[in-house]
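[1] Sequence first, then the predicted structure, then my questions.
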Amino acid sequence: RCSRCQEAKMEAIECIAILDAGSQFGKLIDRIVRELQVKTELLPLDSSVASLKGKGFRGIVISGGPNSVYAADAPRFDKEIFELGIPVLGICYGMQLMNYHYGGKVQSGSEREDGQHEIDIATDSPLFSGLVSPQTVLLTHGDSVVELAEGFRKIGTSGRVLAAIENAEKKLFGLQFHPEVQLTEHGRDMFTNFLRRICGCEGKYTMEDRESRAICEIKDVVKDKLALVLVSGGVDSAVCAALVSKALGGDRVVALHIDNGFMRERESELVVTSLKRLGINLCVEDAAELFYKSTTTVAAAPGAADSNPVETATLDAVTAPEEKRRIIGDTFMKVAESVVQRLKLQADNVYLAQGTLRPDLIESASSLASSKAAAIKTHHNDTQLVRDLRAKGKVVEPLRDYHKDEVRELGRMLGLPEDVVNRQPFPGPGLAIRVLCTETPYICSDFPAINTVLSHMALGAAALTVHQDVRVQAALDVLHAQKRHLGDVGECCITLLPVRSVGVQGDGRTYSYVAAVSSSKPISDWAGLLYLAKTIPRALHTVNRVVYVFGPAVPGPVTRITPTHLTKDVLQQLRAADSAVNDVLAKHQLQTILSQVPVVSVPVDLDADHSAPGPTERRSIVIRTFITNDFMTGVPAQPGTKYMPLEALTEMVERVQQVPGVSRVLYDLTAKPPGTTEWE
């Protein structure tokens, strides 16, 4: 490899081992430690002590993960890692593993925590040096430490849940929360304490110039061949295209924009215009009709009589989110191959270049990012077909170790204009994954029971109540514990919607219910409402998303849906709603302070008579604001703040409500976790 791509040599004592137990945030641990100028090695959890000895690691961090430490299928690990005599920081699963190994007790609790919460900390612990109690942190777990191992003491609590532990003698520290994400407000300070005070690292490691490393990698992989760059118009693909052009020269780059029929209004025109300013000539392929009628093969369902792969229905007829993503991803590759043939390029002489980021790979459970992470969703740029191309060495992804903010920084280094660098992300599959497709309501046997709990939580938000039903009372206990944060929410209705959304809870994928909050009176306390939205998934593990419904109260139950597929009329309705929202964002200059604002179509008519039989006719539109630095975690914009002025929100709702066929406008109140940025 080019010598500039080699990491700078440094003393082994300045290195930290990160043992990966499958956390969705594993790469963020690596990133934050390197930002604090300490070298890292990301290794599998089952790394042997023999392989760790002699490398001079100054400390070990064990990541979170989706498994239970007491389960038969718990990831294997070398028990001697706790006896190496160097500091160990266990995060989430890592803390539970540490406690369990030394004889403590870990079990699944009735109370799940997914989101930001305040914890009380012991400020005399070196891990929390310089911090005050309480601290706001991100908790995302179902299992909890219920009995401390001998030699450990508690140094953090979240209500009745142990949030942090330490064994000072053995230099072992455990955090039930995630200090590596921005939702833990002083997580960086905690890492600084671990690295400097506990591990004794001085922080002399600096990363090499990112632009040089990326260009060297492109040259090293592609050599004297050509590169086909898939350009969606977002910042990731724009930076990738600029990098590849700089590395290889414009005459060896074929930049291709595929219009899949799921673009936003005038999106393809804007893509061509913005890339021309960069001196990149773009080939535009209109493949909308091909995408609508495309299929792919997927694995047979578990337990099926025939285990052979099966062909899906056409894209405009499927409803499963993963099938939609796989069809779109595979069709992208097929269209790219057809362009190569039409341009009379030799396939063996062409490499695929794409702007895949680290979060894409982590959420797809790609081995490039993490050997153990659970799949949250398949990204169009990380399908099985792309993985096959990678296995053949035919894909170059120079941004695969980058997060979104790092890509923006690199884009500025390359001279990309600010409107391109700051463009809000738009997924490769486009509006296709912002339409919830379904043919039947999602109503399981627990639907009535959950609605009963929600109705009592609605009453409990307004006044202190008790209930004889154990499940209801357990939810009310969680609500009452957070009562001081609810403010003046007042009377409201809370009911389930008969649809599902994708979420991430406890480092694993969930595909669960959405709860809708509504009121007959205007909301006066949005902060309290956001806290209520945070509390509901904590009390009810089968809910991963909460929305507010504008307009009259919806008492529920909501049991009917509008059958929905990726048809042109559905897409045009969403395209019009999306355009209205983005017009208002631009008018109020909110596009640069909000990280992303997906607009989603859900197949629910909240004005229909849900006691009547049969399907409904209209759909509702969700505005999903998202504020983040790392795109692995984030929070919604609180209405009434600079991120979402009430004037702008009111205008959005009014504009969207005018789109033909729209029932109601919903505002997503969910942080990530437990809800993902996109609904599918």
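    Arrived safely.
[2] ok, now which ones touch the nearest residue to residue 434 once chain neighbours are set aside?
    In space, not counting the residues next to it along the chain, residue 434 is nearest to residue 600; the distance is 4.8 Å by C-beta to C-beta, 6 or more residues apart in numbering. For the C-beta atoms, the positions are set from N, CA and C on the backbone; glycine is no exception. The neighbourhood of residue 600, defined by C-beta atoms under 8 Å, 6 or more residues apart in numbering, consists of 434-436, 574, 621-622, 624, 668, 678-679.
[3] closest to residue 355 among those residues?
    residue 678 (17.3 Å; C-beta to C-beta).
[4] Test my guess that the closest one contacts residue 426.
    No. With contact defined as C-beta atoms under 8 Å, residue 678 does not count as touching residue 426 (10.6 Å).
[5] Put the alpha carbons of stretch 647-667 into CSV.
    Output of stretch 647-667 as CSV, limited to C-alpha atoms (Å, rounded to 0.1, in the frame of the first residue of the first chain):
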residue,chain,number,x,y,z
GLU,A,647,-44.8,29.4,13.1
ALA,A,648,-42.9,27.1,10.8
LEU,A,649,-44.5,23.9,12.2
THR,A,650,-48.0,25.4,11.9
GLU,A,651,-47.3,26.4,8.3
MET,A,652,-46.0,22.9,7.5
VAL,A,653,-49.1,21.2,8.9
GLU,A,654,-51.4,23.6,7.0
ARG,A,655,-49.5,23.0,3.7
VAL,A,656,-49.4,19.2,4.0
GLN,A,657,-53.1,19.1,5.1
GLN,A,658,-54.0,20.7,1.7
VAL,A,659,-52.5,17.7,-0.2
PRO,A,660,-55.4,15.7,-1.7
GLY,A,661,-56.0,12.4,0.2
VAL,A,662,-54.2,13.4,3.4
SER,A,663,-56.1,12.6,6.6
ARG,A,664,-53.9,14.0,9.4
VAL,A,665,-50.4,15.3,9.9
LEU,A,666,-48.3,13.5,12.6
TYR,A,667,-45.2,14.8,14.3
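[6] residue ranges with poor pLDDT in the stretch 251-400 of the chain?
    Per-residue confidence of the stretch 251-400 of the chain (counting by pLDDT under 70) places the weak regions at 358-390.
[7] in it, which spans are helices?
    267-276, 288-292, 321-342, 358-363, 384-391 (DSSP state H, counting those that start in this stretch).
[8] which of these is buried the deepest?
    Of all the helices of the stretch 251-400 of the chain, helix 358-363 carries the top mean neighbour count, a mean of 24, counting by mean count of other C-beta atoms under 10 Å.
[9] Please name the nearest non-neighbouring residue to residue 435.
    Excluding its sequence neighbours, the residue lying closest to residue 435 (C-beta to C-beta, 6+ apart) is residue 601, at 4.7 Å.
[10] Which secondary structure element is home to that neighbour?
    Assigned by DSSP states H and E, residue 601 belongs to strand 599-602.
[11] What average pLDDT does that strand get?
    The predicted model gives strand 599-602 an average pLDDT of 98.
[12] Regarding residue 476, which helix or strand does it belong to?
    Under the criterion of DSSP H and E, residue 476 resides in helix 470-481.
[13] what's the answer for residue 496, then?
    When secondary structure is defined using DSSP H and E, the element that contains residue 496 is strand 493-505.
[14] Now do whichever helix or strand comes after that strand against strand 493-505: the angle between them, please.
    Per DSSP H and E, the first helix or strand lying C-terminal to strand 493-505 is strand 508-518. Relative orientation of strand 508-518 versus strand 493-505 (axes from the mean of the first three to the mean of the last three C-alpha atoms, to 10 degrees): 160 degrees.
[15] what helices or strands is strand 508-518 leaning on?
    helix 447-462, strand 493-505, helix 526-539, strand 543-549 (3 or more C-beta pairs under 8 Å, 6 or more residues apart in numbering; DSSP states H and E).
[16] if you set the cut-off to 6 Å instead, what comes out?
    If contacts are counted by 3 or more C-beta pairs under 6 Å, 6 or more residues apart in numbering; DSSP states H and E, strand 508-518 sits against strand 493-505, strand 543-549.
[17] so can I have JSON lines of the ones you listed showing distance to residue 58 and mean pLDDT?
    What follows is the helices and strands packed on strand 508-518, written out as JSON lines (distance: least, C-beta to C-beta, whole Å; pLDDT from 0 to 100):
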{"stretch": "strand 493-505", "distance to residue 58": "31", "mean pLDDT": "92"}
{"stretch": "strand 543-549", "distance to residue 58": "38", "mean pLDDT": "97"}
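[18] Can you name the element that comes right after the strand holding residue 601?
    Sequence-wise, the next helix or strand beyond strand 599-602 is strand 619-623, with elements assigned using DSSP H and E.
[19] Leaving out chain neighbours, which residue sits closest to residue 256?
    With C-beta to C-beta, 6+ apart as the criterion, residue 256 has its nearest non-adjacent residue at 5.0 Å, and that residue is residue 283.
[20] same check, this time on residue 156
    The shortest distance from residue 156 to any non-neighbouring residue, by C-beta to C-beta, 6+ apart, is to residue 164 (2.9 Å).
[21] The helix or strand hosting residue 34 packs against which elements?
    When elements are assigned from DSSP H and E, residue 34 belongs to helix 26-35. In terms of contacts (3+ C-beta pairs under 6 Å, 6+ apart), helix 26-35 is packed against strand 15-20, strand 39-44.
[22] Reformat the ones you listed into a markdown table and put mean pLDDT next to each item.
    As requested, the helices and strands packed on helix 26-35 are arranged in a markdown table below (pLDDT from 0 to 100):
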| stretch | mean pLDDT |
| --- | --- |
| strand 15-20 | 93 |
| strand 39-44 | 86 |
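[23] which stretches of the chain have low pLDDT?
    Low-confidence segments of the chain, defined by pLDDT under 70: 1-13, 109-113, 206-210, 358-390, 460-471, 475, 480-488, 490, 506-507.
[24] from the chain's centre, how far out does whichever strand or helix holds residue 247 sit?
    Secondary structure assignment for residue 247, by DSSP H and E: helix 235-248. Here helix 235-248 is found 24 Å from its chain centre; the criterion is C-alpha atoms, centre = their mean, to the nearest Å.
[25] taking the contacts of residue 600 one by one, which sit in helices?
    residue 574 (DSSP state H).
[26] can you redo the contacts of residue 600 as JSON lines with distance to residue 337?
    Formatted as JSON lines, these follow (distance: C-beta to C-beta, whole Å):
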{"residue": "434", "distance to residue 337": "27"}
{"residue": "435", "distance to residue 337": "27"}
{"residue": "436", "distance to residue 337": "31"}
{"residue": "574", "distance to residue 337": "29"}
{"residue": "621", "distance to residue 337": "36"}
{"residue": "622", "distance to residue 337": "36"}
{"residue": "624", "distance to residue 337": "34"}
{"residue": "668", "distance to residue 337": "37"}
{"residue": "678", "distance to residue 337": "27"}
{"residue": "679", "distance to residue 337": "31"}
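[27] Out of the contacts of residue 600, which comes closest to residue 120?
    For the contacts of residue 600, the nearest to residue 120 is residue 668 (30.2 Å; C-beta to C-beta).
[28] My read is that the closest one contacts residue 621, right?
    No. Checked against C-beta atoms under 6 Å, the pair residue 668 and residue 621 is beyond contact range at 11.0 Å.
[29] Surely residue 29 touches residue 180?
    Yes. Between residue 29 and residue 180 there is a contact at 4.6 Å, judged by C-beta under 6 Å.
[30] So for the two, which residue has more residues nearby?
    In this view residue 29 and residue 180 are compared by other C-beta atoms under 10 Å, and residue 180 has more residues nearby, 30 against 27.
[31] right, and that one touches residue 25 too?
    Yes. Taking contact to mean C-beta under 6 Å, the distance of 5.4 Å between residue 180 and residue 25 places them in contact.
[32] could I get the helices of the stretch 251-400 of the chain as JSON lines with distance to residue 411?
    Listed next are those as JSON lines, based on distance: least, C-beta to C-beta, whole Å:
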{"stretch": "helix 267-276", "distance to residue 411": "12"}
{"stretch": "helix 288-292", "distance to residue 411": "28"}
{"stretch": "helix 321-342", "distance to residue 411": "23"}
{"stretch": "helix 358-363", "distance to residue 411": "16"}
{"stretch": "helix 384-391", "distance to residue 411": "23"}
